[in-house]
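Q: Need coordinates for the following:
(3 chains)
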Amino acid sequence: MHAGDAPPATAALDPLTAALRSSLPADSVITDPVRLRTYECDGLTYHRATPGVVVLPETAEQVARVVRLCNEFAVPFVARGSGTGLSGGALPREDGVLIVTSKMRRVLEIDLPNHRAVVEPGVTNLAITEAVREQGYYYAPDPSSQQICSIGGNVAENSGGAHCLKYGFTVNHVEACEIVTPDGDLVTLDRMDPGYDLLGAFVGSEGTLGIATRITVRLSRAPESVTTVLAAFESIEQGGTAVSAIIAAGIVPAAIEMMDALSIEAAEAAVACSYPEGAGAVLIVELDGPAAEVARQFDRLKEICSGAFELRVAADPAERAAIWKGRKSAFAAVGRISPAYIVQDGVVPRTALPEVLAAIDRLSAEHRIRVANVFHAGDGNLHPLVLFDDGEPGAGERAEVVSGAILDLCVEHGGSITGEHGVGVDKVRYMPRMFSEADLDTMQLVRCAFDPRGLSNPGKVFPTPRLCGEVPGVRKGAHPLVESGKAEQF
Amino acid sequence: MDPELIDDCVHCGFCLPTCPTYVLWGEEMDSPRGRIHLMKQHVEGTPVTPEMAGHFDACLGCMACVTACPSGVKYDRLIEQTRAEVERAHERDPRERAVRGLVFGLFPYPRRLRLLRPGMWLAERLAPFLERAHPSLGAMAGLAPRVERRQRMPRLVRARGERRAVVGMLTGCVQGEFFPQVNAATARVLALEGCDVLIPAGQGCCGALSVHAGRADQARRLARRTVRTFRKAGVDTVVVNAAGCGSSMKEYAELLGAEPGFRVMDLSEFLVELGPVAERHPLPFAVAYHDACHLAHAQGIRAQPRELLRGIPGLELREVPEAAICCGSAGTYNIFQPEAARDLGDRKAKAVGSTGAELLVSANPGCTMQIAAAMRRGGATIRVAHTAEVLDASLRGVSL
Amino acid sequence: MSQLKSRESLDKTGVTIRDADEGDAVAGVVPRWVTLPETVEEISAVLRVCAEQDLALAPVGGGTKLHWGRPPERCDVLLDLCCLNEILEHASGDLVVRAQAGVTMDALTAALAAEGQELALDAAPGATVGGTLATATAGPRSFRYGTPRDLLIGITVVLADGTIARSGGKVVKNVAGYDLGKLFTGSYGTLGVIAEATFRLHPLPADRRWLVTRVAPERVRELAVALAASQAEPSAVEIDRPDPGGPVTVAALVEGSAADLRALALREVAGGEVAPGPPPWWGLLPDDEPPHGTGPAGETPDAARPAGEVLVEVRFPPNALNGVLDAARDAGFRLRGSPVSGRLHLAPVGEVTEEALAAAVAGLRERVAVVTVPASPYERVERWGPVGALPLMRRVKERFDPGRRMSPGRFVGGI
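A: Numbers count the residues shown, from 1 in each chain, chains lettered A, B, ... in the order given. Below you'll find the predicted structure:
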């Protein structure tokens, strides 16, 4: 998927570049080829494309100006925050503009009585929590990359995190967004406003419906009590049984995370997290809430996890952080035990976990490809890390096969091809396995309403982008109303 | 540049929020991830362009990214290799060359620095004019500390009470000339804790400044001399009170290709390992402790200085927000990249100011100079001290 | 003639059809026929005929809120979804349920309770799954669990041309494709027909306690803010003010284990009494008797209408509560709802004329962030107020329903 050696298609962009330069501060337009290439990929390095131009706007008005110019010159644009996405959602276009929001990182307003914060899109997820932590509040969605991923990127991807089991995703915590629409208008979508829930449709649309330039998030009150438990099991099956038992007991922990032996090994190598030795699986269970409730749930949890050979309870925030450290660095840590790897992201109904994990084991053996499993066990969100040596001929292809087969397993079991990383460019080809053509055409109606010219992050999410004027495939022949002259096709 | 080290980077971006230049400018090219990408481009055949060199030069070498990296990328090694490559392959513009020549012809040589001392008061007065001539000269002048009376260090300081260890002590170049009181305090603390302290004469720069600037040959020359000096003194352990020196000396084996034959330890690291015996007298201060990058990130020493400070009765230790972000001093950075250094200094000064502490403690003279200067610019004042000075005052029961 | 042809075509679908009467009126507009599809495919068949014959339609579930929204521009067919009343799948181990649109929330609640689970929406009695989604009604516990859109994880809809489309799925965590469920929730039937829905569930709380206290209006905000921020974590904080100028009853609900202890912690904050059951007004709208199938509106334009036909909803940042309470008092409305979610329902005391209501609503709009009038028999009362993103909404409507057959005119900006 390398862009190849051809020089970037900047020449065709010259008129637009000149217009951008004249309407933005001098140092916010990048055209130097060496600099441009540093933006060639996001957290998914497998797909690369050197952007035609990079702009680094500092205000919403500047973003709108860039988008309007893109419209004027009919040039596609892609938004990028911190560039940590794992589905290539911010993969640039060689014939387009990459709009990077990393300079828009002011926390504009903290409004504790209303449990709100208003931030610019480049503010990092964790920075919001840090701004209100001392007052006893936090921002609940916590993707593993929370120290660097931007809130604008979170909105685009509808990011989750370990704690979304209890608290939900970005979409449940965003109250309003000011967006630049694909034709360059500044519009505010607010949960309080009457009308269609365009905010709900926008969050998670992966940059295809516009660019968020100002985001109002809900702040949550820090729980009175947090108990973090690390339970070590001899096998992943035992861990899985414990997960089911926890749910069956009517407990909704803040998070239930599981790591298998291979991912524990990687985390150990990276951050020396000192998980119990010899564990076939560790389970991280976090209970939070009112102290009295947590205490009762913890007693119950201890009974449920009686099969664990070691049960560690974090005594203070430092120990809690130590338990989480291994889990949160697991992805990047795999770099320590394998030259190359694919981070997969699929979802299965929680009850199908044992069956799917066994099937992944079989795939792994069959294709001689190691698979490390890290997952949000509470909501069935698997993150198999498919390991391979990119120096070995054919290994990459075998890893691709395993990776794709895992997604097939997810769809077969009634799950999803992505729980939180998004479709981006990486999973476009898997969309038809999960959705029918009618489903995809219907989603495309939303796309066409927002972006009839298809300039906003084209090529992402949907497999076969058609022009918005085209009649979708399910409707064979002319539309009856068009035929009868009662309506015109929009 | 070692392509295998470059390939260790998985592009996760966890380094970005810890990188001072990314924090300032928010641009990929000025982040560790972006710089590694530039290195990759160079390894794959792109020549060092002035733009590329500019982004490497802008790196402070604070190594916060090394701490943050979950994949274990050896950015410290990479940037050193890169700087050497830039020095070799890249032609700088003449003004820049002149300033670099001045600094590297001056700082690593204590005797040359000594000649500068009487002119320090003048530097302060001349700062605005120098600023106009070249921002770097202005920065140098603005940072100049008021120099204390020079203290000649004895060759040997005997342990008080029972002797528990024999150690060598590095006096360093900048530390020795501009902050002699820190060296004196270090020797007294070690002695009060039961160490014979050997301070060989003829010590110079340990080579750190040159290593960090990609001047490998000069670095090796200076390192060899330092090794020779301490081997002649016959010590097993060399205690270092300057973070930048300590981190470089700990890597002598790699620089020289041979073990130096003694253990290098930071003062705080050594004291915590040794364990306290001397009585601590109360110091009723609110203290902000600043993590010097070359201590916290390069040597991984964060807990020990805090433990030592907390061990002083009456002393209240306050954490500085954004502690992992560099103050902008970074060895010679504040001289070569005065604007970025200034912005980072201001940011750090604000963070330190927010703690309300009366005293700022750190283990690196560069940081102390930088933050104190930034606080003065912002119209605030804070007293500054090296960890050794605070311990010294407590152990001797004198006020700071 | 064309009417006859339309009826014939509808009959050919095999779907049960009857002639409509006044009891089937949609906000006063009486359709011609009522169709009773039993499957998603039958809905699709009816919609295809409607497309061919250019018939406008409106879907209906329990009919509890059929009088909400503006009267449709036209309405030929009422699509009664009462026969799609099957709970398709309750995966209790996965805390997920999939149900057809016509399932009543009461039936769903009972079925889930049998497995120790619940859908944490406090739907009105008689409401269906589809109707609750289409009107996006939020009950007291939305403070903790969110509104219907937050608990909906998958949806099947039928579009104006008969296309059956799904989005989401039956796993909670899923970001594949656009979330059509969000778009259809609260769309008042103007984008298509909601046929099936999948929700995330919660375990039934082990215990529940209500703290009820009565306070002067000026103390409500402070109290509500303190309750909302309490680490005893109430699931809901509601207020009721039956007399526009009178005192306010504040009630907070705690659920889960240790509910008793936590309710006592709340009492420390707010005073009052802890009770094992809710106050009688809990979760009900302030319009006492929801009118079912009211007759055509505006027969006698100046006559005052019964209060039960008028419902005003206000949305506001919680800290603006005092202004809202004052504005409601000055307008002579009683109110009920959640001060901490920033959503209250207002209703006039006694009868109110068109002019008086229009004036009262206009007055509210000057002082409160968002004021809508979901239910009102009057044409001249502006129901939705200004909507910032209306141009985008129109574009969405144009794409989904270019022929304007789906509940045309009922929603914001006459969408």
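Q: Who are the contact partners of the closest residue to chain C within the stretch 201-350 of chain B?
A: For the stretch 201-350 of chain B, the residue closest to chain C is B:P321, as judged by CB to the nearest CB, at 24.4 Å. Where you see a C-beta, it was placed from the backbone N, CA and C, and this is true even at glycine. Neighbour list for B:P321: B:351, B:354-355 [criterion: CB atoms under 8 Å, 6 or more residues apart in numbering or on different chains].
Q: ok, of these, which come out buried?
A: Under a neighbour-count criterion of 16 or more other CB atoms under 10 Å in any protein chain shown, the subset of these counted as buried comprises B:351, B:355.
Q: which among the contacts of B:P321 gets closest to A:G239?
A: Minimum separation from A:G239 among those (CB to CB) is found for B:A351, which lies at 42.4 Å.
Q: ok, the closest one - contacts?
A: With contacts defined as CB under 8 Å, 6+ apart, the neighbours of B:A351 are B:320-322.
Q: Tell me the one of these nearest B:R310?
A: The closest of the contacts of B:A351, once distances to B:R310 are taken by CB to CB, is B:V320, at 15.3 Å.
Q: so that closest one sits right up against B:K350, yeah?
A: No. Taking contact to mean CB atoms under 8 Å, the distance of 10.1 Å between B:V320 and B:K350 leaves them out of contact.
Q: Among those two, which residue is more densely surrounded?
A: Taking other CB atoms under 10 Å in any protein chain shown, B:V320 and B:K350 do not tie; B:V320 has more neighbours (22 against 15).
Q: residue contacts, the more buried one?
A: Listed by CB under 8 Å, 6+ apart, the contact set of B:V320 reads B:288-291, B:348, B:351-352, B:354-355.
Q: And C:T198, by the same measure?
A: C:T198 makes contact with C:96-99, C:152-155, C:168-170 under the criterion CB under 8 Å, 6+ apart.
Q: In helices, which of those fall?
A: Secondary structure from DSSP state H places none of those in helices.
Q: Looking at those, which two lie furthest apart in space?
A: Using CB to CB, the contacts of C:T198 span at most 14.8 Å, a distance reached by C:A99 and C:G169.
Q: Pull the number of nearby residues for B:E91.
A: Residues contacting B:E91 under the criterion other CB under 10 Å number 9.
Q: do you know how far it is from chain A?
A: Distance of B:E91 to chain A, given as CB to the nearest CB, to the nearest Å: 17 Å.
Q: State the distance from that residue to B:G105.
A: Applying CB to CB, to the nearest Å, the value for B:E91 to B:G105 is 19 Å.
Q: Same question for B:S210.
A: 11 Å.
Q: In terms of neighbours, single out the busier of those two.
A: The residue with the greater number of neighbours, taking B:S210 and B:G105 and applying other CB under 10 Å, is B:S210; the counts read 25 against 11.
Q: Chain B: strands as residue ranges?
A: Applying DSSP state E to chain B gives strands spanning B:156-157, B:165-169, B:195-198, B:237-240, B:263-266, B:286-289, B:316-319, B:359-362, B:383-386.
Q: between those, which gets nearest to A:E157?
A: With CB to CB as the criterion, A:E157 lies closest to strand B:316-319 of the strands of chain B, at 32.7 Å.
Q: Surely A:H376 touches A:A162?
A: Yes. When contacts are counted by CB under 8 Å, A:H376 is listed as touching A:A162 (6.2 Å).
Q: anything in contact with each of the two?
A: Between them, A:H376 and A:A162 have A:255, A:257 as joint contacts when contacts are counted by CB under 8 Å, 6+ apart.
Q: Adding mean pLDDT, write the strands of chain B out as TSV.
A: Putting these into TSV (pLDDT from 0 to 100) gives the following:
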stretch	mean pLDDT
strand B:156-157	92
strand B:165-169	95
strand B:195-198	96
strand B:237-240	96
strand B:263-266	96
strand B:286-289	95
strand B:316-319	94
strand B:359-362	93
strand B:383-386	90
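Q: The nearest residue to A:A395 once chain neighbours are set aside and chain C: what is the separation?
A: The shortest distance from A:A395 to any residue other than its chain neighbours is 4.2 Å, reached at A:F388 (CB to CB, 6 or more residues apart in numbering or on different chains). Between A:F388 and chain C the distance, using CB to the nearest CB, works out to 25 Å.
Q: Run through the bridge partners of A:F388.
A: When assigned by DSSP bridges, A:F388 has beta-bridge partners A:A340.
Q: Residue 397: neighbour count?
A: Just so you know, I chose chain A. A:E397 is flanked by 11 other residues according to other CB under 10 Å.
Q: Correction: the question concerned chain B.
A: B:G397 is surrounded by 11 other residues when neighbours are defined as other CB under 10 Å.
Q: And B:A374, by the same measure?
A: Residue neighbour count, defined by other CB under 10 Å, stands at 28 for B:A374.
Q: what comes up buried for stretch C:397-406?
A: By neighbour count with 16+ other CB under 10 Å, stretch C:397-406 contains the buried residues C:397, C:399-406.
Q: Same question for stretch C:53-73.
A: If you call a residue buried by 16+ other CB under 10 Å, then stretch C:53-73 has these buried ones: C:53-72.
Q: Kindly report the same for stretch A:318-335.
A: Going by neighbour count (16+ other CB under 10 Å), the buried part of stretch A:318-335 is A:320, A:322-335.
Q: By pLDDT, give me the weakest of the residues you listed.
A: Among the buried residues of stretch A:318-335, A:A332 has the lowest pLDDT, at 76.
Q: Now it: phi and psi?
A: Geometry field for A:A332 lists phi and psi as phi -70, psi -30, criterion degrees, to the nearest 10.
Q: thinking it is in contact with B:H11, fair?
A: No. With contact taken as CB under 8 Å, A:A332 and B:H11 are classed as non-touching, separated by 9.2 Å.
Q: Brilliant, that's me finished.
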